[in-house]
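Task: produce atomic coordinates for the following.
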Amino acid sequence: MYLSDITMQMMSMLFVLIIGLYFLMFVFSFYRRERRRTREADTRRYTFEICFTEMEKNGELFRGLDYITGENKDGILIILDVFEKLAAGVYSDVLSEEVVKLYYGACMQNFYANNRFILFEIRKKKDDAGLYANYERFMEEWDIRQKTLDSRRGK
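Modelled structure (predicted):
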């Protein structure tokens, strides 16, 4: 059985149309992947710049972090404000969690461990249960992830 010329032309046009659609889908997926990659790189760069500026602005406080006690309330509040901003930025996907952890990781963990009860006192005095909640949640989740990884590694 032979196909007519019109049928052959229609089939060839359909074939070209299908190939064209596949090509467009490929180009679009490549474009989206590249756009996502550059957005992630921009977020990391922006996060680093924010961390660097905060460290420059409050460097003395962060260098003496181990010596901050309950008497230095202003220093504690400044550090809590910085850590709260960073945690809120991570949760809103404006800042990169990976960069924040690399830049401030040990500081954030040690400060939270040493001043957890002062944080509760500040909340009680200001009568605001949600004060610095993002920072606390960030530290608690990080602690849970760390314990899970340690248990999987057998530590």
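
Near Met108, how many other residues are there?
Using other CB atoms under 10 Å, Met108 has 22 other residues around it. C-beta here means a position set from N, CA and C on the backbone, and glycine is covered the same way.

Quick check: it vs Asp81, distance?
Applying CB to CB, to the nearest Å, the value for Met108 to Asp81 is 13 Å.

Dump the helix or strand bottoming out on mean pLDDT in the chain to PDB, keeping only the CA atoms.
Least confident helix or strand of the chain, by mean pLDDT, DSSP states H and E, is helix 59-63 with a mean of 72. C-alpha atoms of helix 59-63 as PDB (Å, rounded to 0.1, in the frame of the first residue of the first chain):
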ATOM      1  CA  GLY A  59      34.200  41.900  65.100                       C
ATOM      2  CA  GLU A  60      35.300  42.800  68.700                       C
ATOM      3  CA  LEU A  61      32.200  41.200  70.100                       C
ATOM      4  CA  PHE A  62      32.700  38.000  68.100                       C
ATOM      5  CA  ARG A  63      36.400  37.700  69.000                       C
END
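
And the next helix or strand past the helix or strand containing Arg123?
Per DSSP states H and E, Arg123 falls inside helix 97-126. Toward the C-terminus, helix 97-126 is succeeded by helix 133-153 as the next helix or strand (DSSP H and E).

Give me the contact list for that next one.
Residues lying outside helix 133-153 but in contact with it, judged by CB atoms under 8 Å, 6 or more residues apart in numbering, are 80, 83-84, 86-88, 90-91, 101, 108-109, 112, 119.

now stretch 56-65
55, 68, 75, 78-79, 82, 107, 110-111.

Appreciated, that's everything.
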